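>>> Return a 3D structure for these sequence lines:
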Amino acid sequence: MNKRDSCIKKINIATPVVWAEASFINNFSSKVNKLIGELKQIVSKRQLEFEINKALINVYSVSDASKLNSFDFVEIQCFETSIQKRKEKGMAYWWFKSVKDAFNDSNPIDGVLYLPIDICWDNNKENTVVNPLKIIGMLESLSKGNDELLVIGNYKSSNVNKEWIESEVRNFLRSKFPSLDRSIERVRSEYWAISQKLFEIFESDFSTGKMPNNVADPTLLLIIYCLINDKQILSYDLGKYKVEGEWDQQKMNHQIERAKNLILVYKNYEELIYS
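The predicted model follows:
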């Protein structure tokens, strides 16, 4: 092994699938497989100091694995999980399990990119959030940062209501945690990457019950954890995300209040442990 090979960092992609059915999962897996192929080509051409290993997709919504296709760069794991259990656990539980599995690969993994199944909802060419060059830039930030690092993918959404929700939550978070870097705009981003060392530290608290599992905003949870524990957070601009959806006032208010409650829980926790 030469000197360059010894410093290459290996990165997996992780995605939990909690609600989608087989045809949708196959569509998503195909896109991810194509993306990884493109990422591998760019990494090789530029001789970057990291490599994309594979994507691990944990499926909790389909019990019949025979309906799912196989791909070169995608490993799919299926778990028989009832609808009731999926609702009770909360999204953070499922992303935690998926990211943990991505780190617990047979190869030592230095970082994991969280990639949501949302990319299947709109194929508009204006979307740049999964442009291979954008993803490469985000992973370069992860590979060049310190050992305990979280990288948040910023983007501008075409959905005015989603932007309003994000603004309200972001402003509230900044009011409670003034140390939040102003460049970190999308505090509930579906796109982020985390180093092995930071996840290992976070896992020790998450697994022992010091942090609640039933959380619907996992990115916000990670950001607050980093702020309280003085861990590095970087932001990376992924550009634009054109996505549609119906967002009535009641739904928007619910998401904002849910996020604010999470922020307050941890702000109170911070004041308790440092008082």
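
>>> Please give the number of neighbouring residues around S183.
12 (other CB atoms under 10 Å). Bear in mind the C-beta positions are built from the backbone N, C-alpha and C, glycine included.

>>> May I have the phi/psi pair for the closest residue to it other than its chain neighbours?
For S183, ignoring the flanking residues on the chain, the nearest one in space by CB to CB, 6 or more residues apart in numbering is S235 at 4.6 Å. S235 adopts backbone torsions of phi -110, psi 150, taken as degrees, to the nearest 10.

>>> residues near S235, how many?
For S235, using other CB under 10 Å, the count is 21.

>>> Surely it and L180 touch.
No. S235 lies out of contact with L180 (CB atoms under 8 Å); the separation is 10.4 Å.

>>> on that earlier part again, quickly list what the residue nearest to S183 is bridged to.
Note on S235: beta-bridge partners I152, judged by DSSP bridges.

>>> Next one: it from E88, what distance?
33 Å (CB to CB, to the nearest Å).

>>> cool, S66 as well?
28 Å.

>>> repeat for C78
For C78, the distance to E88 - CB to CB - is 20 Å.

>>> These two: which is more packed in?
Taking other CB under 10 Å, C78 and E88 do not tie; C78 has more neighbours (20 against 11).

>>> could you say which helix or strand contains the nearest residue to I117 once chain neighbours are set aside?
Spatial nearest neighbour of I117, chain neighbours left out: F28 (5.0 Å); criterion: CB to CB, 6+ apart. Applying DSSP states H and E as the criterion places F28 in helix 22-46.

>>> which other residues reach that helix?
13, 15, 17, 20, 48, 50-52, 54-55, 57, 59, 62, 64, 67-69, 71-74, 76, 115, 117, 119-120, 130, 132-133, 135-136, 139 (CB atoms under 8 Å, 6 or more residues apart in numbering).

>>> what's across from the residue sitting nearest the centre point of the chain in the sheet?
Of all residues in the chain, the one closest to the mean position by CA atoms, centre = their mean is Y114, 3.3 Å from it. Beta-bridge partners for Y114, by DSSP bridges, are A14, W192.

>>> and it, how far is that from N161?
Y114 is 23 Å from N161, by CB to CB.

>>> Show the pLDDT at the residue nearest to I117.
F28 carries a pLDDT value of 91.

>>> Next, count neighbours for it.
Using other CB under 10 Å as the criterion, the residues surrounding F28 number 23.

>>> Over to S23?
11.

>>> same thing with S70?
By other CB under 10 Å, neighbour count at S70 equals 10.
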